[in-house]
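In: Predicted model and sequence follow; I will ask about them next.
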Amino acid sequence: MSERSKEQLYGMHINMYPPSRQVDSAGNNGPADNQRTAPYPLEDTQEVINPVPLQSRSTQSSIGVTSGSIPAPRVISPTDSRYERPFAFTASGSTDSLNRATRPGISATSSVETFTSASDMQKPPPPPYEETETQYFLREKAYRQEEDMAQEVMKVSPKKNPLQEPSRRKTPPPKNRPRDLSNYSEEALEFHNIYEITVNDSPKFTPEVQMKWCETLLTYSFRPKFISQYNINAEKLKRQLTPEETLKNQKIILEHALKVLTKLITLQFGPAMYLMGTLYSHQPYLDIKIQSIVAKNDTKALDYYSRAAELNHADACFRAGISYEYQRGTPPQLSKDNCLQRAVKYYELGADKCLDASCMYKLGMLYLHGLEYQRVILSQDVKKAILWFTRASYADTEKQSPSDAKRATQVSPQAMYELGKIYEFEGLPPSLQNALLAASIQPNPSKALTYYHRCATQCSYPLAQWKLGHCYEFGELNLPVIANKSIAWYAKAAMNKPRGNPMAMMALSGWYLTGASGVLQPNNQEAYNWALKACQLSEGKLARAQYALGFFCENGIGCPPSMEKAREHYHAAASAGHQKALERLKNGI
């Protein structure tokens with residue numbers, strides 16, 4: 001298998017199951033021209049793993065955690081200790097004790113990691129938010145306490161009392177005065193609510209609350225409209241920021257997010273480790289431009305996935321398994337057999353302890369076909385495969401234990417679809433058909449149709465929707481031929497969000513080409529457009545779409561005739577083994 005194929009398979013599988021815990025995605029990342037690099041290198045430069053709590057300057061010298069011969073990087077904190085107050089917490093035990101968990105393939109004596117921003121590289125670093133005339137509105141006033149203000153007033157010379165210079169320094173409004181939210185946007189109101197909850201939680205530093213705050217900061221920092229009008233304290237600014245000020249505001253929000261994330265990782269909070277893994281692998285579940293935050297590092301991503309998996313984080317189990325299965329970030333001295341063995345281990349951990357449907361589906365696929373490289377990792381067992389598929393689809397919930405039903409949080413549409421294929425029987429490889437028959441598993445069209453329909457309706461799975469359209473078009477699985485139902489299911493699959501099904505698009509192209517009496521009028525333009533969409537979505541790899549475009553271009557159907565374009569599409573289809581395209585080329589087109 002080529003490296004490109006491995007990359008595509010890894011990318012397809014790693015994103016197969018988006019986690020259920022998501023920050024609201026009502027906003028977006030803005031236009032493409034806003035994809036600039038963050039104004040600071042947040043990626044650390046040392047090959048170190050475990051982060052430590054951010055320390056005030058008075059306590060920095062007491063931290064000396066090291067790993068092997070690598071010295072622990074010095075954690076540089078802002079000179080203003082108030083900056084840390086909202087995120088203060090007390091961790092049980094020393095930071096040394098957090099570094100001793102052993103993991104497969106990872107050194108038992110991990111070293112210390114911290115994110116270092118460009119401003120931290122200065123000596124000494126300036127306060128995080130300078131109260132200059134132009135930047136005062138970015139200061140975190142909500143994090144200041146009354147006693148802090150009193151001390152500052154005492155330190156200021158009487159001739160330059162900031163309280164007497166409202167144009168330069170302003171006294172924060174009283175704490176109990178309600179904020180006017182009437183002119184806030186909907187996304188700003190959501191940010192404000194999360195901010196208030198976080199500030200109230202700051203003395204306790206509840207991991208779940210702070211994790212939500214971290215995710216919110218990361219997401220909102222890439223919403224240009226928000227960061228140009230609001231600051232990190234959920235305050236609406238009196239004017240829209242300039243591009244330079246917007247970048248500074250983004251930097252403030254991003255640095256806060258990563259400081260909170262670092263502290264959560266120090267507390268051994270599984271979701272935080274998982275989020276860090278997604279940042280390093282550039283496969284985030286948040287709607288953010290990840291390349292602007294952290295340089296890609298599959299080794300660190302796998303380490304964080306593994307650590308979160310050992311804390312029974314379901315999504316981390318799946319991603320750790322995928323990483324080992326496709327050898328992404330794995331130690332070079334680890335053989336492929338060993339990697340596959342560890343992949344199975346993480347899938348089993350996710351399936352058994354976390355009841356993760358994605359891991360159940362992966363185990364089902366491995367048992368369905370067997371897994372071996374130089375030696376057998378898992379022997380083929382079609383009964384176990386069906387068992388895992390059934391558990392992953394939760395189609396037979398009455399057969400599950402009460403604890404399973406209570407803890408289940410997701411289903412696997414892929415597992416439902418595989419069950420449909422198994423009971424449909426036709427189309428399976430002959431070797432798999434023989435294995436099913438040997439296990440006394442017979443074709444069952446009714447069961448197959450049940451799984452396809454449930455997958456298409458309950459999960460809106462585009463492949464199952466395409467299958468129903470196909471059955472209604474050709475009368476398969478004991479269904480009648482009904483044109484309007486076929487077209488309706490094809491349309492659902494083709495227009496599915498976030499990604500339509502190319503085969504359904506090609507089916508719609510065929511319906512528009514021929515029309516359906518009393519249902520759909522022929523439309524050559526639509527036929528061509530759907531074939532073109534199918535080809536684009538499949539990145540030119542769907543041979544049927546390439547052949548159709550060649551046919552349309554050759555005969556001028558829905559497009560201007562072009563023999564040059566026709567030959568180009570025929571060649572692409574022929575290279576994928578399309579027989580009719582080969583014949584057209586042999587005939588000298």
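Out: Received, thanks.

In: only C-alpha atoms for contact and neighbour calcs from this point on.
Out: OK.

In: quick check, Gln333 in a strand?
Out: No: counting by DSSP: H, G, I helix; E, B strand; the rest coil, one finds Gln333 to be coil, located in no strand.

In: For it, give me the pLDDT.
Out: Model confidence at Gln333, given as pLDDT, is 94.

In: Around it, how many other residues sit close by?
Out: 8 (other Cα atoms under 10 Å).

In: And for the one 10 residues further on?
Out: When neighbours are counted by other Cα under 10 Å, Ala343 registers 25.

In: Likewise for Ala516?
Out: Ala516 has 14 neighbouring residues, counting by other Cα under 10 Å.

In: Can you give me the distance of the residue nearest to it when sequence neighbours are not counted to Leu520?
Out: Excluding the flanking residues, the one nearest Ala516 by Cα to Cα, 6 or more residues apart in numbering is Ala483, at 6.7 Å. Ala483 is 9 Å from Leu520, where distance means Cα to Cα, to the nearest Å.

In: quick revisit: list the contacts of the residue nearest to Ala516.
Out: Tyr472, Glu473, Ala516, Val519 (Cα atoms under 8 Å, 6 or more residues apart in numbering).

In: Just the pLDDT for it.
Out: At Ala483, pLDDT is 96.

In: Would you mind measuring from it to Tyr461?
Out: 21 Å.

In: biggest helix in the chain by residues?
Out: In the chain, assigned by DSSP state H, the helix with the most residues is helix 243-266.

In: tell me what that helix is packed against?
Out: Contacts defined by 3 or more Cα pairs under 8 Å, 6 or more residues apart in numbering; DSSP states H and E place helix 243-266 against strand 50-51, helix 207-220, helix 224-227, helix 270-281.

In: Check which helices and strands the last one sits against.
Out: Yep, that's helix 270-281 we're talking about. The contact analysis (3+ Cα pairs under 8 Å, 6+ apart) places helix 270-281 against helix 243-266, helix 298-310.

In: rewinding a little: rebuild the helices and strands packed on helix 243-266 as a markdown table, extending it with distance to Pro430, mean pLDDT and mean neighbour count.
Out: Formatted as a markdown table, these follow (distance: least, Cα to Cα, whole Å; pLDDT from 0 to 100; neighbours: other Cα atoms under 10 Å):
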| stretch | distance to Pro430 | mean pLDDT | mean neighbour count |
| --- | --- | --- | --- |
| strand 50-51 | 50 | 29 | 22 |
| helix 207-220 | 48 | 96 | 22 |
| helix 224-227 | 55 | 95 | 20 |
| helix 270-281 | 38 | 96 | 26 |
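
In: Out of those, flag the one nearest Leu477.
Out: Nearest to Leu477, of all the helices and strands packed on helix 243-266, is helix 270-281, at 41.5 Å by Cα to Cα.

In: what's the angle from the closest one to helix 298-310?
Out: 160 degrees (axes from the mean of the first three to the mean of the last three Cα atoms, to 10 degrees).

In: tell me the angle helix 270-281 makes with helix 243-266.
Out: Using the same axes, to 10 degrees: helix 270-281 against helix 243-266 is 130 degrees.

In: Need the residues that contact helix 270-281.
Out: Helix 270-281 has contacts (Cα under 8 Å, 6+ apart) with 211, 261, 264-265, 284-285, 290, 293-298, 300-305, 307-309, 311-313, 315-316.

In: for the protein, what spans make up the strands?
Out: Counting by DSSP state E, one finds strands in the chain at the ranges 50-51, 112-113, 371-372, 376-378.

In: Partner strands of the third one and their direction?
Out: Each strand that pairs with strand 371-372, with its direction, by DSSP bridges: strand 376-378 (antiparallel).

In: Next, the buried residues of the partner strand.
Out: For strand 376-378, a neighbour-count test (16 or more other Cα atoms under 10 Å) marks Ile377, Leu378 as buried.

In: Ok, stretch 531-538 next?
Out: Going by 16+ other Cα under 10 Å, stretch 531-538 has these buried residues: Ala531, Leu532, Lys533, Ala534, Cys535, Leu537.

In: Name the nearest residue to Ser460, ignoring sequence neighbours.
Out: Leaving aside its sequence neighbours, Ser460 sits nearest to Asn496 (Cα to Cα, 6+ apart; 7.8 Å).

In: so Leu479 sits right up against Tyr472, yeah?
Out: Yes: assessed by Cα atoms under 8 Å, Leu479 is found in contact with Tyr472 at 6.2 Å.

In: For the two, work out which one has more neighbours and name it.
Out: Shown here are Leu479 and Tyr472; by other Cα under 10 Å, Tyr472 has more neighbours (23 against 15).

In: In this structure, where is pLDDT below threshold?
Out: 1-177, 395-409 (pLDDT under 70).

In: The same query, at a cut-off of 50, please.
Out: Within the chain, the stretches with pLDDT under 50 are 17-169, 395-403, 405-408.

In: Quick one: residues contacting the closest residue to Ser562 other than its chain neighbours.
Out: Distances taken as Cα to Cα, 6+ apart put Cys553 closest to Ser562, at 5.3 Å, once the chain neighbours are dropped. Residues near Cys553 by Cα under 8 Å, 6+ apart: Cys559, Pro560, Pro561, Ser562, Met563, Lys565, Ala566.

In: Many thanks, I have nothing further to ask.
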